[in-house]
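>>> With the sequence up front, the predicted model follows.
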Amino acid sequence: MLQLTELCARYPELDLNFTLSAKAGEITALIGPSGAGKSTLLAMIGGFAPIDSGDLLFNEQSLNALSPAERPITTLFQDHNLFWHLCVYQNIAIGLSPSLKLNAVQKQQIQEVASQVGIADLLQRMPATLSGGQQQRVGLARCLARRRPILLLDEPFSALDPALRYELLALLRSQADQLQLTVLLVTHHPEEAARIADQLVYIHQGRILEQGNGELLLAPRTSELAAYLGQGGNER
């Protein structure tokens, strides 16, 4: 289990404070307006942003002092960070070995994960020849191939059309179940996320105001969430 207890970071424009837990096999969708602190929260968990105070635990072991490379975490960003001079196979492989020198087990891992995300027939293609959805599948495959138990996703599918976005969300749901991943997903599409997420977390001005299942979207308890969903005044 991933546990955040009074995890704090202080910035000139915003103080952040988060308490949250997420279990293996669960998807937690982080929703809220731009600038609320969602991406910064992922960066704090991943080790890319400083933590001023509080505890970050995974399976009761502290992650606070660990570097990003030492944490049991993989992060997928919106731009998927593909290397355009490398083929699909190499783009996945680099997540396992920066030198691209793989052993037999790692080579098998790439084949398996490519099949799981539906790109087994694209391994020799270059990223520029792929569609946006295929490129995102490559980015997701690289994350899954690393076999880290925590997966952080910062709006990775937001630029895709709705049908493709939901297809990849459904793929994410199946992989979270199959591999028992702890997934935190930042999204600006709460209704779509609610279809695959175990819990929704609404973040506003660096704080968690509401959390629960998809029913949050039907009956928000705070005026801030209602406004964000367009059910009240305009928060933005």
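Yep, that arrived.

>>> Ile150 and Ala226: what is the separation?
As judged by Cβ to Cβ, to the nearest Å, Ile150 and Ala226 stand 31 Å apart. From N, CA and C alone the C-beta is placed, and that goes for glycine too.

>>> What of Leu164?
Distance from Leu164 to Ala226, counting by Cβ to Cβ: 29 Å.

>>> Need the three-state assignment for the spatially most central residue of the chain.
Central residue of the chain (Cα atoms, centre = their mean): Leu153, 1.7 Å from the mean position. Secondary structure, DSSP: H, G, I helix; E, B strand; the rest coil: Leu153 is strand.

>>> So Ile150 and Ala226 - more neighbours on which side?
Neighbours per residue (other Cβ atoms under 10 Å) separate Ile150 from Ala226, with Ile150 holding more: 20 against 15.

>>> The more buried one bridge partners, please.
In this entry, Ile150 is beta-bridged to Ile73, Thr182, by DSSP bridges.

>>> for the one 4 residues further on, same thing?
Applying DSSP bridges to Asp154 gives these bridge partners: Phe77, Val186.

>>> This protein: strands as residue ranges?
Taking DSSP state E as the criterion, the chain carries its strands at 2-10, 15-22, 27-31, 53-58, 61-62, 73-77, 150-154, 182-186, 199-204, 207-212.

>>> Turn those strands into a markdown table, including distance to Ala114 and mean pLDDT.
Putting the strands of the chain into a markdown table (distance: least, Cβ to Cβ, whole Å; pLDDT from 0 to 100) gives the following:
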| stretch | distance to Ala114 | mean pLDDT |
| --- | --- | --- |
| strand 2-10 | 27 | 96 |
| strand 15-22 | 27 | 96 |
| strand 27-31 | 22 | 96 |
| strand 53-58 | 27 | 96 |
| strand 61-62 | 31 | 96 |
| strand 73-77 | 16 | 90 |
| strand 150-154 | 17 | 95 |
| strand 182-186 | 20 | 96 |
| strand 199-204 | 30 | 96 |
| strand 207-212 | 35 | 96 |
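
>>> Surely Ala193 and Thr187 touch.
Yes - between Ala193 and Thr187 there is a contact under Cβ atoms under 8 Å: 4.6 Å.

>>> got any residues that touch both of the two?
Applying Cβ atoms under 8 Å, 6 or more residues apart in numbering, one finds that Ala193 and Thr187 are jointly contacted by Ala29, Ile31.

>>> can you pull the contacts of Leu16?
Leu7, Cys8, Ala9, Arg10, Gly37, Thr40, Leu41, Met44, Gly206, Arg207.

>>> Would you confirm that the second one contacts Pro50?
So that's Cys8. No - if you go by Cβ under 8 Å, Cys8 and Pro50 don't touch, sitting 10.1 Å apart.

>>> which of the two has more neighbours?
Of the pair Cys8 and Pro50, Cys8 is the one with more neighbours under other Cβ under 10 Å, namely 14 against 10.

>>> Residues in a beta bridge with that one, which ones?
Per DSSP bridges, the residues bridged to Cys8 are Asn17, Ser53.

>>> I'd like the distance between it and Gln61.
Taken as Cβ to Cβ, the span from Cys8 to Gln61 is 20 Å.

>>> Only C-alpha atoms, please: export the longest helix along the chain in PDB.
Ranked by residue count, the top helix of the chain under DSSP state H comes out as helix 162-179. These are the backbone C-alpha positions of helix 162-179, laid out as PDB (Å, rounded to 0.1, in the frame of the first residue of the first chain):
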ATOM      1  CA  PRO A 162     -12.500  10.300 -26.600                       C
ATOM      2  CA  ALA A 163     -12.800   6.800 -28.100                       C
ATOM      3  CA  LEU A 164      -9.000   6.100 -28.100                       C
ATOM      4  CA  ARG A 165      -8.700   7.700 -24.700                       C
ATOM      5  CA  TYR A 166     -11.200   5.300 -23.200                       C
ATOM      6  CA  GLU A 167      -9.600   2.400 -25.000                       C
ATOM      7  CA  LEU A 168      -6.300   3.100 -23.300                       C
ATOM      8  CA  LEU A 169      -7.900   3.700 -20.000                       C
ATOM      9  CA  ALA A 170      -9.500   0.300 -20.300                       C
ATOM     10  CA  LEU A 171      -6.100  -1.200 -21.100                       C
ATOM     11  CA  LEU A 172      -4.700   0.500 -18.000                       C
ATOM     12  CA  ARG A 173      -7.500  -1.000 -15.900                       C
ATOM     13  CA  SER A 174      -6.700  -4.500 -17.100                       C
ATOM     14  CA  GLN A 175      -3.000  -4.000 -16.500                       C
ATOM     15  CA  ALA A 176      -3.600  -2.700 -13.000                       C
ATOM     16  CA  ASP A 177      -5.700  -5.800 -12.200                       C
ATOM     17  CA  GLN A 178      -3.300  -8.300 -13.900                       C
ATOM     18  CA  LEU A 179      -0.100  -6.900 -12.400                       C
END
